[in-house]
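Participant: Quick one, fold the following:
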Amino acid sequence: MASTSNSQSSIQDDDDQEEEIEHFDDFTLASSWERFISEIEAVCRQWLATGPKNLVKKDAVCLDFSKNIYKVRSELKYAMKNYSMEYYFEPFNDGKVADWISTSHDLQQSFGVKDFLVIAPQSASGVVLDAPEASKLLSAVSIAMSNSSSLWPAFVPVHDPSRRAYIGIQNMGTIFTRRFEADRIGSQVPIKLMHLEGLYELFVSKFAYSTVDLSMHLFKVHFRMKLTYRTLPTDDDPEVQQESEFLESGGHSEFETHNKIQWDDDCPWSEWYSAEDPVKGLELLAIWSERTVDSSLDMAELENASPLEADKWFIFPNLSPHLESSDGSTIGFASQLRLLVNALDSSLGAQFMEDFVSAVENSGSDNMKSSAVIPPPTVLDRVLKDLFHEDAEVKLDFADAENKNSRAIKGAPLESLFAQFCLHALWFGNCNIRAIAVLWIEFVREIRWCWEESQPLPRMPTNGTVDLSTCLIYQKLHMLAICIEKKHQENKEHPDVGDKKTSPYIEGKAQITKQSSSLLEVTEDSSGERDSLTARNDLGSHGVATSLSNSEQQNFASPTDTKLSEYIRMGSAGVVGSTMLLNSCQQMHAPFTQDPPLMTEDMHEERLKAVEAFGDSFSFSAQLEKEILSSDMSAFKAANPDAVFEDFIRWHSPRDWENDDNGELAVSQAKAGEVSKNEWPPRGRLSERMSDHGSSWRKIWNEAPSLPAFKQKPLLDPNREGEKVLHYLETMRPHQLLEQMVCTAFRAAADTLNRTAFGGLKLMTSKLGQLCLTMASTLKSLQRNSLSVDSEIIEDLTRLCVIFEHVEKLLTVAASLHRKFLQAPRLSEAIFSDFYNFYLPKMGTGSGSHDIDKSQEFTKKQQIMAREKEVVASMFTPPTANQSWRKVLSLGNLLNGHEPILREIIFSKRDHVSGGYYAGSYAGGYPQEIETYRMYLCGTSNDLRVALAVASCD
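Facilitator: Have a look, this model is predicted:
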């Protein structure tokens with residue numbers, strides 16, 4: 001019984017123990033602080049298990065200033081307070097932490113860490129203001145890191161936010177622990193800490209046993225330094241501002257170079273506007289690589305060293321913030337082209353340009369009246385004076401001033417009158433439709449005055465043929481300039497219309513008596529083909545005729561044989577090689593001919609429509625060419641009295657004369673006088689189209705009189721054609737004017753920018769070429785002369801303005817860099833290439849600024865070669881008296897009198913694990929040498945930030 005009772009009692013005890021185990025309480029989570037640690041540990045374990053690359057795919061956010069650093073965030077709660085814990089990591093960088101990386105986080109640079117945690121309260125300040133709370137918070141994070149076997153350093157922001165102060169801790173396994181502390185002195189930096197010697201002693205004091213006379217102790221301290229220098233912006237130079245005010249008040253500078261106030265005075269666009277210098281200044285980084293310093297005396301020597309002794313130099317430009325915007329706020333060609341496109345949109349549907357001048361009386365023009373401002377008459381007079389009365393000797397070789405790709409745009413050449421008008425219109429008022437209408441009406445009035453007074457049309461050629469690849473207004477102005485010149489020549493040659501002219505026979509008789517056979521020896525080769533009425537490049541071509549006046553052509557009228565002939569030869573320009581006349585066996589002479597009548601594009605279109613209407617294109621073409629053909633035939637008869645129709649064909653259209661095999665032999669024998677009458681004329685025949693006796697050419701030949709060109713009625717009536725041109729200019733529709741202005745303005749603006757000197761940068765040259773091709777493709781819709789109210793065309797033009805603005809900004813950067821690096825072209829090209837690749841994604845993102853990420857800044861630095869250091873140093877010109885008084889120099893390492901704007905120093909001390917203080921607790925797996933002390937100092941004489949990291953053995 002006793003045994004039974006004992007067994008029952010033992011069973012009951014076991015049940016009680018099991019019941020106690022089932023109701024076990026984990027006292028490690030009993031307090032809120034312990035639960036807070038558990039929550040931190042759980043979050044860290046989750047981040048560790050997920051891994052950096054998977055975190056990037058999930059909810060990690062990339063930092064704005066760096067594309068390589070990401071962060072994830074978790075919210076925690078402890079003691080009625082909310083905290084946020086952020087994990088910063090670099091998923092694609094497994095290497096060693098590098099110094100002086102501009103895209104590094106501030107804590108990475110300060111403490112030399114890679115991945116780290118930051119835990120901070122969710123408050124307005126974002127920092128822990130209570131010291132005990134900060135210590136307790138850091139302890140909780142440290143315990144959680146240890147429990148989760150994480151080696152991440154953790155930081156807690158403390159004190160005032162302006163101090164950027166942190167405390168931190170890192171578990172480095174089971175042996176070592178690193179503690180971090182950072183703080184900032186915002187003002188009144190002690191004089192001792194302004195110099196390298198004092199900063200060195202500050203670092204040594206953290207581990208030296210005695211602080212007495214640290215300069216006499218020798219410590220192996222590793223030292224690295226980076227100095228940042230910045231050129232003084234020209235806009236902030238008071239001396240330049242004073243000089244500008246002096247010149248504006250009417251003073252004169254002693255030297256001509258002092259008159260150059262703006263940076264772009266020698267740029268081609270400076271005639272129209274002054275662009276802001278996109279490169280506000282240059283920043284130079286002088287880096288001293290790691291070296292060992294034994295005492296503070298070494299630091300004193302380093303402070304007196306020249307920046308030229310630095311191991312590496314890097315440079316990058318400080319760019320204007322306006323480069324990041326694309327809202328049209330920047331003044332340039334692109335902004336004005338936008339306004340011109342708006343004017344084109346406003347012109348659709350109007351009948352005459354005068355309607356916009358009187359827009360006040362018109363109905364529905366109230367909105368336009370409020371915004372369309374017309375400049376005062378003085379501005380209008382100045383523009384017209386520049387167009388018509390200045391720069392009389394303007395180069396008319398337009399091809400040299402144009403980009404080869406811009407010729408595909410149907411506009412006017414840059415230096416021409418209409419192109420200059422369009423450029424002036426961009427800046428006349430605010431380029432509204434009313435201002436353009438006022439300017440155009442006065443422009444046409446000035447052109448009519450030139451016509452009526454027979455004054456040369458400025459900026460327009462007075463000869464040559466009409467270029468049909470240009471816009472119609474330019475073609476009309478070119479024709480008008482030629483008409484004015486011909487009208488002027490007629491008035492000069494015939495001042496008295498009532499004077500009687502000498503008869504052709506008497507003039508020819510007088511020429512016979514002169515016997516000036518030397519005039520017949522013309523050296524030009526006239527054996528070229530004349531297959532068309534408009535392409536003759538030898539003797540008797542239209543180019544020769546235009547170079548000689550009527551009186552000069554008369555001097556060439558003379559007989560060809562040694563004995564007087566009963567025929568009178570007039571208007572001969574010389575013999576045509578070895579070609580002989582078929583009937584008389586005499587040398588053929590090429591005549592002077594009249595210029596063909598000029599035709600503009602619309603005249604050609606009317607002619608083609610007439611050809612299509614008549615059906616038989618060849619016969620009607622010959623009928624339309626009758627006047628030209630008859631003139632040429634008359635001139636040929638006068639120069640060759642014995643000629644027949646076949647001779648004219650042989651000279652004018654050689655392809656319509658078919659020679660036999662022995663034809664050339666007969667011609668050569670005839671020239672040598674060895675051929676008999678039976679062997680002449682040489683065997684040959686007309687082509688099939690010319691052999692018909694009823695052909696239109698033969699009829700014209702039979703009807704054409706024998707008259708030299710100077711006795712014929714002119715083919716071009718300058719009075720009639722000139723009035724037609726003026727009628728076209730005075731009555732053209734507004735949208736026809738504006739569409740040609742848009743094309744010409746884009747072309748002229750691009751050609752102006754193309755003149756910029758930017759050192760031949762290949763990327764910029766290629767971009768300008770692409771811009772011209774894009775413009776040619778977009779502006780084709782305006783070159784059809786059938787513009788309708790189509791919003792898509794206006795939208796395309798607006799997008800083209802955005803593209804133009806981007807290229808214009810790139811060009812200003814290229815020009816500014818080229819001027820600053822004239823002696824170092826490699827740097828100019830390298831910096832521009834970096835900026836081009838940075839800016840390229842921003843191009844074509846739309847006209848709104850919301851499409852551009854303004855948080856990204858261009859910070860890529862370019863390393864300077866040793867041979868380029870002197871050139872770059874010369875850019876930091878010594879400060880003037882007005883600049884040097886601003887602040888007292890307090891730091892060393894001056895560069896041509898320039899104090900570094902920022903000094904960054906890293907002190908470090910390393911200890912060996914074996915044989916040192918840490919040898920007793922050393923375990924395998926750790927490096928033989930660890931960085932026990934590290935201090936990062938950053939700032940100037942008025943601002944100093946210190947970050948200290950100390951590794952200890954627990």
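
Participant: Show me what the closest residue to residue 61 other than its chain neighbours is bridged to.
Facilitator: Distances taken as C-beta to C-beta, 6 or more residues apart in numbering put residue 71 closest to residue 61, at 5.8 Å, once the chain neighbours are dropped. Backbone N, C-alpha and C define where each C-beta goes, glycine included. With DSSP bridges as the criterion, residue 71 is bridged to residue 61, residue 88.

Participant: What distance do you get for residue 71 to residue 87?
Facilitator: Distance of residue 71 to residue 87, computed by C-beta to C-beta, to the nearest Å: 6 Å.

Participant: From the neighbour counts alone, determine which of those two ranks first.
Facilitator: Comparing residue 71 with residue 87 by neighbour count (other C-beta atoms under 10 Å), the higher total belongs to residue 87, at 23 against 15.

Participant: So that one versus residue 35, what's the distance?
Facilitator: Distance from residue 87 to residue 35, by C-beta to C-beta: 21 Å.

Participant: so how far is residue 278 from the residue lying closest to residue 805 once chain neighbours are set aside?
Facilitator: Closest residue in space to residue 805, ignoring its immediate chain neighbours: residue 334 at 3.4 Å, by C-beta to C-beta, 6+ apart. Applying C-beta to C-beta, the value for residue 334 to residue 278 is 14 Å.

Participant: Repeat that for residue 768.
Facilitator: In this view, residue 768 and residue 278 are 17 Å apart by C-beta to C-beta.

Participant: so where do the helices sit in the stretch 1-150 of the chain?
Facilitator: 2-22, 32-50, 52-57, 106-111, 131-147 (DSSP state H, counting those that start in this stretch).

Participant: Now do the same for the first one: mean pLDDT, whole number.
Facilitator: In this model, helix 2-22 has a mean pLDDT of 51.

Participant: ok, and for stretch 176-185, which residues are buried?
Facilitator: 176, 177, 178, 179, 180, 181, 182, 183, 184 (16 or more other C-beta atoms under 10 Å).

Participant: next one: stretch 812-828
Facilitator: Under the neighbour-count criterion of 16+ other C-beta under 10 Å, stretch 812-828 has 812-821, 824, 827-828 buried.

Participant: Confirm for me that residue 39 is in contact with residue 76.
Facilitator: Yes. If you go by C-beta atoms under 8 Å, residue 39 and residue 76 touch, sitting 5.5 Å apart.

Participant: what's around residue 477, how many residues?
Facilitator: For residue 477, the count of nearby residues is 24 (other C-beta under 10 Å).

Participant: name the helices or strands packed onto the host helix or strand of it?
Facilitator: If you go by DSSP states H and E, residue 477 is part of helix 472-493. Counting by 3 or more C-beta pairs under 8 Å, 6 or more residues apart in numbering; DSSP states H and E, the packing neighbours recorded for helix 472-493 are helix 417-427, helix 433-452, helix 601-614, helix 718-731, helix 734-754.

Participant: how about the ones you listed in TSV, adding mean pLDDT and mean neighbour count?
Facilitator: As requested, the helices and strands packed on helix 472-493 are exported to TSV (pLDDT from 0 to 100; neighbours: other C-beta atoms under 10 Å):
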stretch	mean pLDDT	mean neighbour count
helix 417-427	96	23
helix 433-452	95	20
helix 601-614	79	13
helix 718-731	94	16
helix 734-754	95	24
